[in-house]
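[1] just the structure for this:
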Amino acid sequence: MHISVFSLFTSVLWVTVFTKIISVLRKRMPYMQHFSIHALLFLLLLCALRLLFPLELPYSRPLESTKIMPAFQLFLRKPLFTCEPVHMTPALLLTTVWFTGAAVLFIRQILEYRRLKHVLYLLPASDDERLYYLLANAGLQKPLNHVKIIKHSSITSPASAGLIHPVILLPDICFDDEELLGIFIHEAAHLQLKHHLVKLVMELICICFWWNPILRDLFSETAYALEMHSDQTVCTKLNQKQQQKYLHAILKVFMNANQKESPSAFTCGLLEHPDSIDLQQRFRMILENRYQSKSKLLPGIAAFALCTFLLSYTFVLQPYSEPTPADYGHVDTSTDQNFFYIETDDGYDLYEYPERFLDHIDNKKNCLPWLQIYSDMEEMKQKWKRKS
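    Predicted coordinates for the structure are as follows:
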């Protein structure tokens, strides 16, 4: 059990395909109707695990590429220039760009976190007792204590932040009590279900593989799935009339939201995707009571997804290569003792007596002239028997 360049490449390839499939299926209501939000979250979890553990397991087998990958590998190893003691190759150059890009993005996220922390520290907590009363009556299993509620005009959408010192952000919009109740249940669910930690892990994965744009969809789909997960909590706590008020609050936020804003890795908002199509899906999931329906297919889907996850480890893509004499250590072929060639359809095979294969030679002119060439193993055995 180990990690190699090829197992990492195979892992990224699998997750790229899985992410695209998840993105397509998630947008289709029949999928969400039959498989529920839990199946979507489970698939996203498997994608994250596949990238976090790009291993070659004991049952993994190489799937060798004979044309594309060997040509690409040859290109990566081709020297660009030499500046002692560094020999610059495309592989070294791309690796440097990869790690530099990841480091820049990681530092940028740290700076964003520090700015957010500074802003949350400077903004004063709301002194509106009504807000804290509604938060206390949100009806969740674990009441949140010492939560700071900030209401400010610069905030465009309700959101929550902080794992240790939780903060709930509210825009300066007029919400009635039932609308605020739905918002607080939604944001409190983010805090209690540790959705912020999930988003951080996904963001770190996207930073590591920043060069793959499809993996950015993995973070986006996760953020959207967590919004739906909190919507499900809201539906379990509110009656039908209160759910409609909750949807009305989302519409107010949608009209106030910045359409160009992208989801933050450090906050979980009420409206992570200010997109009309995604918003329509969220509304349908609530109005059509999709979160309450129990799917009998869920265990089967989970089992199929898990089997696919395990099967993805059965092979590792790698370029085809033939062994060279260097792979067998130093071989002294300066004399004809114990070494010989066997003629084949496409060249000559070099052996050490009795039948230890060493290398394949394509052309006779590359053969060592002092070594004997035999047509097959049977001829070799007969002649060596006569010698002895």
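[2] let's see stretch 290-306 as CSV, backbone CA atoms only.
    The C-alpha atoms that make up stretch 290-306 are tabulated as CSV, following Å, rounded to 0.1, in the frame of the first residue of the first chain:
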residue,chain,number,x,y,z
ARG,A,290,-39.0,16.1,-1.2
TYR,A,291,-37.1,16.2,2.0
GLN,A,292,-39.7,14.2,3.9
SER,A,293,-40.1,11.4,1.4
LYS,A,294,-38.2,8.2,2.3
SER,A,295,-36.5,6.5,-0.6
LYS,A,296,-36.3,2.7,-0.6
LEU,A,297,-33.4,2.9,-3.1
LEU,A,298,-31.1,4.8,-0.8
PRO,A,299,-29.3,1.7,0.7
GLY,A,300,-28.9,0.2,-2.8
ILE,A,301,-27.5,3.4,-4.2
ALA,A,302,-25.1,3.7,-1.2
ALA,A,303,-23.9,0.1,-1.7
PHE,A,304,-23.4,0.7,-5.5
ALA,A,305,-21.5,3.9,-4.8
LEU,A,306,-19.3,2.2,-2.2
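[3] can you list contacts of that stretch?
    The set of residues external to stretch 290-306 that reach it, using CB atoms under 8 Å, 6 or more residues apart in numbering, is 32-39, 42-43, 46, 231-232, 235-236, 284-285. No exception for glycine: its C-beta is placed from N, CA and C like everyone else's.
[4] which of those fall in helices?
    Counted as lying in helices by DSSP state H, out of the contacts of stretch 290-306, are 32-39, 42-43, 46, 231-232, 235-236, 284-285.
[5] wait, residue 149 sits on residue 170?
    Yes - between residue 149 and residue 170 there is a contact under CB atoms under 8 Å: 6.6 Å.
[6] which of the ones in helices among the contacts of stretch 290-306 are buried, as a PyMOL select command?
    The buried residues among the ones in helices among the contacts of stretch 290-306 can be selected in PyMOL (16 or more other CB atoms under 10 Å) with this line:
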select buried, resi 32+35+36+37+39+42+43+46+231+232+235+285
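[7] and the longest helix seen in the chain, what does it pack onto?
    If you go by DSSP H, the chain has its longest helix at helix 90-122. On a contact count with 3 or more CB pairs under 8 Å, 6 or more residues apart in numbering; DSSP states H and E, helix 90-122 meets helix 68-77, helix 195-208.
[8] what's the angle between that helix and helix 68-77?
    Counting by axes from the mean of the first three to the mean of the last three CA atoms, to 10 degrees, helix 90-122 lies at 80 degrees to helix 68-77.
[9] what angle do helix 90-122 and helix 195-208 make?
    Interaxial angle, helix 90-122 versus helix 195-208 (the same axes, to 10 degrees): 150 degrees.
[10] give the buried residues for helix 90-122.
    102, 105, 109, 116, 120.
[11] assign a three-state SS to residue 20, would you?
    For residue 20, the assignment made with DSSP: H, G, I helix; E, B strand; the rest coil gives helix.
[12] chain neighbours aside, what residue packs nearest to it?
    Excluding the flanking residues, the one nearest residue 20 by CB to CB, 6 or more residues apart in numbering is residue 214, at 6.2 Å.
[13] assess the claim that the one you found and residue 16 are in contact.
    Yes - judged on CB under 8 Å, residue 214 makes contact with residue 16 at a distance of 5.0 Å.
[14] neighbours of the closest residue to residue 18 other than its chain neighbours, how many?
    Leaving aside its chain neighbours, residue 18 sits nearest to residue 47 (5.2 Å; criterion: CB to CB, 6+ apart). Look at residue 47: counted by other CB atoms under 10 Å, it has 24 neighbours.
[15] contacting residues for residue 47?
    Taking CB under 8 Å, 6+ apart, one finds 15, 18, 19, 22, 218 in contact with residue 47.
[16] would you turn those into a markdown table with distance to residue 174?
    Putting the contacts of residue 47 into a markdown table (distance: CB to CB, whole Å) gives the following:
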| residue | distance to residue 174 |
| --- | --- |
| 15 | 44 |
| 18 | 43 |
| 19 | 39 |
| 22 | 38 |
| 218 | 37 |
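[17] nearest to residue 369, out of those residues: which one, please.
    Of all the contacts of residue 47, residue 369 sits closest to residue 15, with 53.1 Å by CB to CB.
[18] read off the pLDDT value for the closest one.
    On the pLDDT scale, residue 15 is placed at 93.
[19] repeat for residue 21
    Note on residue 21: pLDDT of 90.
[20] show me where the stretch 151-300 of the chain dips below the pLDDT cut-off.
    258-262, 293-295 (pLDDT under 70).
[21] so between residue 149 and residue 170, which is more surrounded?
    Each of residue 149 and residue 170 has its neighbours counted (other CB under 10 Å); residue 170 has more, 23 against 19.
[22] could you look up the SS state of the residue nearest to the more buried one when sequence neighbours are not counted?
    Leaving out its chain neighbours, the residue that sits closest to residue 170 by CB to CB, 6+ apart is residue 151, at 4.3 Å. Secondary structure state of residue 151, per three-state DSSP, is strand.
[23] what's near enough to touch residue 151?
    Taking CB under 8 Å, 6+ apart, one finds 126, 128, 131, 169, 170, 171, 172 in contact with residue 151.
[24] filter the residues you listed to the buried ones?
    Buried, going by 16+ other CB under 10 Å: 126, 131, 169, 170, 171, out of these.
[25] neighbours of residue 223, how many?
    Using other CB under 10 Å: residue 223 sits among 22 other residues.
[26] next SSE after the helix or strand encompassing it?
    Per DSSP states H and E: residue 223 is located in helix 214-237. Using DSSP H and E, the helix or strand that follows helix 214-237 in sequence is helix 240-256.
[27] that following helix to helix 214-237, inter-axis angle?
    Here the directions of helix 240-256 and helix 214-237 differ by 140 degrees (the same axes, to 10 degrees).
[28] circling back to that earlier point, where helices are concerned, which of the buried ones among the contacts of residue 151 count?
    residue 131.
[29] ok, so of the buried ones among the contacts of residue 151, who is nearest residue 78?
    Using CB to CB, residue 169 comes nearest to residue 78 of these, at 52.9 Å.
[30] right, I'll call it a day here.
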